[in-house]
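Asker: After the sequence you'll find the predicted model.
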Amino acid sequence: MAKLGILKDENGVISGQLRTLELSLFLTLTKNRGKSSADQPDMLVFAKGADGDNVEIGCAWERMAATTGQHFLSIMVDDPSLPQALNMTAFPLNDQKTEYELTWKRARSQKDGQKQAA
């Protein structure tokens, strides 16, 4: 699992740097105030665009791990400049949930799984 950054929660706004070999984005996650059903995202994700304005580039859901009961954020970021969507998780680093570790793990394709099983 790759560590992509640390996000900090300040008064309900979660923000921090996402860093990879190709990307360096300052992300801001805010509550989805327009949420009207359970399947809609809990948060919206923004990043600074080329002109310096915030651009909505994704969304996040508050989740709980079935086996451990640990709460975390499931984050999806997508943009036409990316080859595909980036799906990440953010796990709290403390009980107060003031800091989160942003992580990513490459999804295994069914084809990859078949190769390993053979």
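Answerer: Right, received. Where do you want to start? Numbers count the residues shown, from 1 in each chain.

Asker: bridging residues for residue 64?
Answerer: residue 71 (DSSP bridges).

Asker: how far away is it from residue 56?
Answerer: Taking C-beta to C-beta, to the nearest Å as the measure, residue 64 and residue 56 are separated by 25 Å. Quick note: C-beta positions are derived from backbone N, CA and C, even for glycine.

Asker: cool, and residue 35?
Answerer: 14 Å.

Asker: same check, this time on residue 28
Answerer: In terms of C-beta to C-beta, residue 28 sits 10 Å off from residue 56.

Asker: Mutual contacts of these two, please.
Answerer: Taking C-beta atoms under 8 Å, 6 or more residues apart in numbering as the contact rule, residue 28 and residue 56 both touch 45, 46.

Asker: Of the two, give the one with the bigger neighbour count.
Answerer: With neighbours defined as other C-beta atoms under 10 Å, residue 28 and residue 56 compare such that residue 28 has more, 17 against 12.

Asker: which SSE is that one in?
Answerer: Element membership for residue 28 (DSSP states H and E) is strand 24-31.

Asker: Given that strand, what are its sheet partners and their directions?
Answerer: As assigned by DSSP bridges, strand 24-31 forms pairs with strand 13-19 (antiparallel), strand 43-48 (antiparallel).
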